[in-house]
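Peer 1: I need the structure of the sequence given here:
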Amino acid sequence: MEDLARFETPENVTVSYPLAGPGTRFVAYFFDEVILFVAITLLLILLGLGSAVAGTAGLLGNMGGDALGAIAVSVVVVVIGFAQVGYFALCEWFMNGQTLGKRAVNVRVVMENGFSLSVAGVLVRNIIRLLDAIPLLWIVPIVTHKRQRFGDMVAGTIVISEEAHPLASVREQLGTRPAHEAQFTFTYGQLDKVDASELETIEMFLERCGRLGGAERARLAGQLAGEIIRRLELPPVDNAPQQERFLQDLVAASVRREVRELG
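Peer 2: Numbering: from 1, shown residues only. A predicted model of the protein is given here:
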């Protein structure tokens, strides 16, 4: 059984993440189920109150108790079924592979190749969640390769841990750099074209570049900066030190943007 998931970025940089353990995944699942239980209970209470008010007002006509009971059971089944699939699927799609429970314990779902979740991956893993919820099958992530449940194996997904690592020091250092010191500036539209995985690769390079040989350092800086410069349609930067400065200013601008949005 593997303890690490290793991905190679398009820039030929290998990124490793620890796989989320079964215990951590269960805590996240339990947290999400508590949220669902509370939400479903409140919804059913509201539906019950609405039904009582409608009955008192005569809005339900001559509908008998058996018919009302059948409708109530159908509503409950639909609500619970949608919650068990819809909640997880919508959260993982719109929260970049996380639910509220996963975010609480710092784990995330990604495709096995390291890329963000696809629509098909989200739907498949969460439809099969109904099968994986059987208690007897909870042992599957403990004994399977890459700690996958059945839904993960079919969808081609894994759950990784986002534990704190030394890259935080790079972000903190660059995030405190005053904006007026930047040699390269970026608009919000340009920053939107740089995804989180690219930024993490850049941060990893900046963290480790001091330990690289001169030729390797220049090559990686050129690859990382060159791809983004072409995509953003910016003037070329051919000097290796300037390419590094470009990457530093890009990370600094992203951090400053995050701080503004959180503030």
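Peer 1: which stretch of helix or strand covers the nearest residue to Leu232 once chain neighbours are set aside?
Peer 2: Sequence neighbours aside, Gln190 is the residue nearest to Leu232 in space, at 5.0 Å (criterion: C-beta to C-beta, 6 or more residues apart in numbering). C-beta here means a position set from N, CA and C on the backbone, and glycine is covered the same way. Using DSSP states H and E, Gln190 falls within helix 188-192.
Peer 1: by contact count, what packs against that helix?
Peer 2: Using 3 or more C-beta pairs under 8 Å, 6 or more residues apart in numbering; DSSP states H and E, the elements in contact with helix 188-192 are helix 240-262.
Peer 1: what's the helix it packs on packed up against?
Peer 2: Using 3+ C-beta pairs under 8 Å, 6+ apart: helix 240-262 touches helix 167-175, helix 188-192, helix 196-208, helix 214-231.
Peer 1: Contacts for that helix, please.
Peer 2: The list of residues contacting helix 240-262 from outside it, by C-beta atoms under 8 Å, 6 or more residues apart in numbering, reads 170-171, 174-175, 177, 179, 182-186, 188, 191, 194, 199, 202-203, 205-206, 209, 217-218, 221-222, 224-226, 228-229, 237.
Peer 1: Identify each buried residue in the longest helix along the chain, please.
Peer 2: Looking across the chain with DSSP state H, the single longest helix is helix 22-56. Burial within helix 22-56, assessed by neighbour count using 16 or more other C-beta atoms under 10 Å, is assigned to Pro22, Thr24, Arg25, Val27, Ala28, Tyr29, Phe31, Asp32, Ile35, Leu36, Ile40, Ser51.
Peer 1: Please apply the same query to stretch 172-185.
Peer 2: Leu174, Arg177, Ala182, Phe184.
Peer 1: Just the mean pLDDT for it, thanks.
Peer 2: The average pLDDT within stretch 172-185 is 82.
Peer 1: what residues does that stretch touch?
Peer 2: For stretch 172-185, contacts defined as C-beta under 8 Å, 6+ apart pick out 206, 242, 245-246, 248-253, 255-256, 259.
Peer 1: likewise stretch 128-146?
Peer 2: By C-beta under 8 Å, 6+ apart, stretch 128-146 touches 1-2, 5, 19, 22, 25-26, 81, 84-85, 88, 112, 147-155, 158.
Peer 1: distance of Leu42 from Phe94?
Peer 2: Distance of Leu42 to Phe94, computed by C-beta to C-beta, to the nearest Å: 22 Å.
Peer 1: I'd guessed Ile40 sits against Phe82; true?
Peer 2: No: look at Ile40 against Phe82 with C-beta atoms under 8 Å: they stay out of range, at 9.8 Å.
Peer 1: Going through the contacts of stretch 172-185, which ones are buried?
Peer 2: For the contacts of stretch 172-185, a burial check counting by 16+ other C-beta under 10 Å picks out Leu206, Arg245, Phe246, Gln248, Asp249, Leu250, Val251, Ala252, Ala253, Val255, Arg256.
Peer 1: residues in contact with Phe31?
Peer 2: Phe31 sits next to Leu100, Gly101, Ala104, Val105 when contact means C-beta under 8 Å, 6+ apart.
Peer 1: Out of the contacts of stretch 128-146, which sit inside helices?
Peer 2: In this view, these that belong to helices under DSSP H are Pro22, Arg25, Phe26, Gly81, Phe88, Phe150, Gly151, Asp152, Met153, Val154, Ala155.
Peer 1: pLDDT score for Val77?
Peer 2: 72.
Peer 1: One more: Arg6?
Peer 2: Looking at Arg6, its pLDDT reads 70.
Peer 1: That one and Val76: what is the separation?
Peer 2: Distance of Arg6 to Val76, computed by C-beta to C-beta: 45 Å.
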